[in-house]
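Colleague: next comes the sequence, and after it the predicted model I'd like to discuss.
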Amino acid sequence: MEKLAHLTPSEAQSYLHEKVAIVTGASRGIGRAIALRLAQSGAHLVLTAQTEEALEGTVQEARKMGAKVKALATPDCAPGPLVSAATSLFGGIDIVVNNAGTTKTGDFLELTDEDWDSGYAVKLFGATRLCKAAWPELKRRQGSIINIAGAGGHTPDSRFTIGGSVNAAMMAFTKALAQLGIEDGVQVNCINPGLIKTDRLNKRIDDAAVKWSVSTEEAANRMHAEHRITRFGEPSEIAELIAYMTSPSGRLMHGALIDIDAGYTKGL
């Protein structure tokens, strides 16, 4: 890990070129933006989502940038095919971004056991399995893990019981794994996005507009004011942070829980 700090500026600038990255949940939103930002820097990509068809747009755009890309459907969160593809096609693994997973919101008393199982299976357990499976390669190549949790892990809410607890668990997992990373030379960090302009946020705004009987623009303004944030974020801003964190310049960050949420998180 120490040798990364001694790269020249030109070497640091091209550090991501031909690095091998696995990005989960890469078909849209934040995951898509991350994949394309890494492709822009010349990384080789193994991308996954529920179906290969959902990944087609991301894959085509990444290939236009000159990236080598393998798309895989992993509906059961099995990490084996992802690790095998990265090692057999590209020779190893340098970066793992655990972005996959959505959780159901709603009245706690109406959420089912299946809702809870699904929320934890993809986001938390999918991440833990992939980290474990990829660890030997990450250790060999002194790689990086970025777990995407969310600001809701800091701010428990009665209608976000699954998502809030999963995000909090992802943060705790990151802190614990980072200790092993110190021993093995693997950088481990977690990012907590706030309200980012994705399909999910758009749906929340649409639902709020119906609930409040206002336009979507007014609903967005109300939501902005309600959460007391500077603005909604762009998926590309999350991607840019990851590009920095996985470069030599960002290597000092380790075991970090980074809030990128425009002031959404009000507590310590």
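Modeller: Done, it's in.
Colleague: can you map out the helices along this structure?
Modeller: Along the chain, counting by DSSP state H, helices occupy 9-13, 29-40, 52-64, 80-90, 113-120, 126-141, 161-184, 199-212, 216-227, 235-245.
Colleague: so of these, which one's packed in deepest?
Modeller: Across those, averaging neighbours per residue (mean count of other C-beta atoms under 10 Å) puts helix 29-40 on top, at a mean of 25. From N, CA and C alone the C-beta is placed, and that goes for glycine too.
Colleague: chain center to that helix, what's the gap?
Modeller: 10 Å (C-alpha atoms, centre = their mean, to the nearest Å).
Colleague: do the same with stretch 191-200
Modeller: In terms of C-alpha atoms, centre = their mean, the centre of stretch 191-200 is found 10 Å from the chain centre.
Colleague: can you give me the first-to-last residue distance of it?
Modeller: Length of stretch 191-200, first residue to last, C-alpha to C-alpha, to the nearest Å: 18 Å.
Colleague: please identify the buried residues of it?
Modeller: Neighbour-count burial for stretch 191-200, counted by 16 or more other C-beta atoms under 10 Å, picks out 191-198.
Colleague: re the thing from before, what's the closest of the helices of the chain to residue 107?
Modeller: helix 161-184 (9.3 Å; C-beta to C-beta).
Colleague: what is the mean pLDDT for that closest one?
Modeller: Mean pLDDT, computed over helix 161-184, is 97.
Colleague: what's it in contact with?
Modeller: Residues from elsewhere that reach helix 161-184, judged by C-beta atoms under 8 Å, 6 or more residues apart in numbering: 98, 101, 103-105, 108, 111, 115-116, 119-120, 123-124, 127-128, 131, 135, 138-139, 145, 147-157, 186-190, 192, 254-255, 257.
Colleague: and if you look at stretch 101-112?
Modeller: Residues contacting stretch 101-112 (C-beta under 8 Å, 6+ apart): 25, 115, 118-119, 122-124, 126-127, 158-163, 166, 200.
Colleague: one step back: just the buried subset of the contacts of helix 161-184, please.
Modeller: Neighbour-count burial (16+ other C-beta under 10 Å) applied to the contacts of helix 161-184 gives 98, 101, 103-105, 111, 115-116, 119-120, 123-124, 127-128, 131, 135, 138-139, 145, 147-155, 186-190, 192, 254-255, 257.
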